[in-house]
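J.: Fold the stuff below for me.
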Amino acid sequence: MFLKDVYSNLNSFIGNEFELSGWIRNHRKQKNMGFIDFSDGTCFKSLQLTYDENIENFEGVQSYHIGSAVCVCGTLKTSEYSKDGIEFSLSRIKLLGDSPEDYPLQPKRHSIEFLREMAYLRPRTRLFQAVFRLRSIAAMAIHEYFQSEGYVYVHTPLITANDAEGAGNTFSVTSYNPFDGKEHNPGNDFFGKPAYLAVTGQLEAETFALAFNRVYTFGPTFRAENSNTKTHAAEFWMIEPEIAFCDLNGLMDIEEDFLKSVIKKVLERGDDELEFLEGYTKIQLRQRLGALCESNITRITHEEAITILKNSGKDFIFSPEYGEDLAREHEKYLTDEHFSSPVFVYDWPKNIKAFYMHQNDDGKTVGAVDLLVPEAGELMGGSRREARYDRLFTRMNELNISTEEMYWYLNLRKFGSCDHAGFGMGFERLLIYITGVDNIRDVVPYSRTPGNCEF
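T.: Model prediction:
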């Protein structure tokens with residue numbers, strides 16, 4: 001029997017005797033009785049266990065420590081003193097795995113920094129139970145959306161010979177042993193050429209989109225960026241769909257539908273976790289997420305965005321300029337003040353975007369789009385891909401990108417090319433928005449950041 005079964009159909013369990021296995025979260029002892037806060041990990045809720053001096057080995061039970069694993073048998077009863085209106089009256093309890101008296105996770109508020117140092121234990125805390133259960137719910141919702149829409153799930157390589165040409169700093173992959181006294185020659189290395197951990201699965205996903213029509217990747221990616229901000233990590237997960245026969249407007253339609261579908265499922269399935277996190281973060285998360293689902297996402301060009309910013313009368317730290325990127329303060333003004341809603345900004349300056357994006361007829365912009373959301377800034381980035389061989393070839397040469405090494409990507413434009421588009425979204429960035437927990441280190445099970453590769 002599991003706690004999730006009990007809470008999903010309480011009335012059928014009231015008055016019945018059954019058995020549960022789980023862990024002691026807290027243990028309050030009195031002279032003739034005791035109360036145990038019990039969790040089995042199958043749902044966010046815990047259960048209050050009660051016992052008195054009539055239980056077998058009463059003194060032994062009173063010595064059970066926080067963190068111990070136990071098997072309990074008893075009867076579920078209504079209670080006016082319990083938060084959930086129920087308690088589990090024990091008839092017997094068996095210690096399965098003891099825990100020491102100095103178990104690190106005592107029932108008090110621990111700092112988030114302390115819990116990072118205890119990353120192998122922090123999933124047992126209510127905060128991280130909420131975060132990682134929501135991570136699971138969101139991941140499942142992502143797969144459900146794409147599968148229901150006919151996308152094929154593609155596992156793109158994590159080791160690649162291309163460095164995605166500017167998508168981010170890379171980690172090299174090598175079998176070279178610097179201690180064997182031999183000189184390193186990439187030609188004699190494991191793959192016979194330089195190899196890297198992938199910073200994106202996009203380019204490989206495009207090859208599948210032009211065979212399966214609609215595909216998506218959802219897996220780990222790697223960036224060797226020596227940054228210690230709240231939003232950077234060396235290893236994180238990316239969602240990257242690619243869609244054939246799709247232009248930029250069609251892509252924005254898909255992005256909006258996808259995001260709202262995932263958020264709605266999180267709201268439906270993660271209410272207990274969101275309620276707890278609202279108390280922790282002091283953010284009205286359900287209200288924020290619900291408002292996004294009900295919003296009409298505005299669509300403006302990059303040029304229109306700059307004009308709005310210039311005419312705002314705001315004294316920005318970084319002056320908004322045509323042809324340049326948006327700063328975080330610009331994004332915040334557009335979403336939180338000017339429109340009070342999410343915003344698609346599209347048709348970006350060519351010189352600040354990637355080589356593979358569709359070159360617009362004006363010669364100055366590309367068919368790129370970023371989705372900005374209130375309180376979080378950029379959540380997704382996508383583009384219509386350049387489908388014309390000559391345009392792509394010329395652009396790669398302009399940027400000194402090897403057309404010889406990337407022959408296979410160019411050849412897609414020779415063999416039945418068509419308009420196609422795609423976007424990328426960092427999964428952890430979505431989780432930061434959903435949970436209100438603002439550091440990427442706290443929405444991944446084990447963070448990988450500069451100087452940190454513990455556990």
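J.: Which residue ranges of this protein form helices?
T.: For the chain, helices defined by DSSP state H occupy the ranges 3-8, 10-13, 58-62, 112-117, 126-148, 202-212, 248-269, 271-281, 285-294, 302-310, 328-332, 389-398, 407-411, 427-435.
J.: Run the angle between the last one and helix 271-281 for me.
T.: To tie it back to what came earlier, the one meant is helix 427-435. Helix 427-435 runs at 80 degrees relative to helix 271-281, counting by axes from the mean of the first three to the mean of the last three C-alpha atoms, to 10 degrees.
J.: tell me what helix 427-435 is packed against?
T.: The contact analysis (3 or more C-beta pairs under 8 Å, 6 or more residues apart in numbering; DSSP states H and E) places helix 427-435 against helix 126-148, strand 235-244, helix 248-269, helix 285-294, strand 377-384. (Glycine included, C-beta is placed from N, CA and C.)
J.: tell me the angle of that helix relative to helix 285-294?
T.: Helix 427-435 and helix 285-294 are oriented at 110 degrees to each other (the same axes, to 10 degrees).
J.: got the buried residues for stretch 64-77?
T.: Neighbour counts over stretch 64-77 (16 or more other C-beta atoms under 10 Å) mark 64, 66-68, 70, 72, 74, 76 as buried.
J.: from those, which two are the most distant?
T.: 67 and 76 (24.0 Å; C-beta to C-beta).
J.: any idea how far the closest residue in space to residue 302 that isn't next to it in sequence is from residue 80?
T.: Spatial nearest neighbour of residue 302, excluding adjacent residues (C-beta to C-beta, 6 or more residues apart in numbering): residue 348 at 4.8 Å. Separation of residue 348 from residue 80 (C-beta to C-beta, to the nearest Å) stands at 60 Å.
J.: Next: residue 433.
T.: 38 Å.
J.: Who has more neighbours out of the two?
T.: residue 433 (23 against 6; other C-beta atoms under 10 Å).
J.: could the helices of the chain go into JSON lines alongside mean pLDDT?
T.: Compiled in JSON lines, these are given as follows (pLDDT from 0 to 100):
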{"stretch": "helix 3-8", "mean pLDDT": "95"}
{"stretch": "helix 10-13", "mean pLDDT": "92"}
{"stretch": "helix 58-62", "mean pLDDT": "95"}
{"stretch": "helix 112-117", "mean pLDDT": "94"}
{"stretch": "helix 126-148", "mean pLDDT": "98"}
{"stretch": "helix 202-212", "mean pLDDT": "97"}
{"stretch": "helix 248-269", "mean pLDDT": "98"}
{"stretch": "helix 271-281", "mean pLDDT": "97"}
{"stretch": "helix 285-294", "mean pLDDT": "96"}
{"stretch": "helix 302-310", "mean pLDDT": "97"}
{"stretch": "helix 328-332", "mean pLDDT": "96"}
{"stretch": "helix 389-398", "mean pLDDT": "96"}
{"stretch": "helix 407-411", "mean pLDDT": "96"}
{"stretch": "helix 427-435", "mean pLDDT": "96"}
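J.: And the pLDDT for the closest residue to residue 87 other than its chain neighbours?
T.: Leaving aside its sequence neighbours, residue 87 sits nearest to residue 79 (C-beta to C-beta, 6+ apart; 4.1 Å). Looking at residue 79, its pLDDT is 88.
J.: if we can go back for a sec, of all the helices of the chain, which one comes closest to residue 448?
T.: That would be helix 427-435 among these, by C-beta to C-beta, at 11.5 Å.
J.: what comes into contact with the closest one?
T.: Here helix 427-435 makes contact (C-beta atoms under 8 Å, 6 or more residues apart in numbering) with 130-131, 134-135, 138-139, 142, 218, 231, 233, 236-239, 262-263, 266, 277, 281, 285, 289, 373, 375-376, 379, 437-440, 443-444.
J.: buried subset of the residues you listed?
T.: For those, a neighbour count by 16+ other C-beta under 10 Å gives the buried set as 130-131, 134-135, 138-139, 142, 218, 233, 236-239, 262-263, 266, 277, 285, 289, 373, 376, 379, 437, 439-440, 443-444.
J.: that older thread, is the residue nearest to residue 302 in a bridge, and if so with what?
T.: Taking DSSP bridges as the rule, residue 348 bridges to residue 366.
J.: That one and residue 413: what is the separation?
T.: Computed as C-beta to C-beta, the residue 348 to residue 413 distance reads 22 Å.
J.: got it, and residue 24?
T.: Taking C-beta to C-beta, one finds residue 24 at 62 Å from residue 413.
J.: Comparing the two, which residue is more hemmed in?
T.: Remark: of residue 24 and residue 413, residue 24 carries more neighbours, 22 against 19, as counted by other C-beta under 10 Å.
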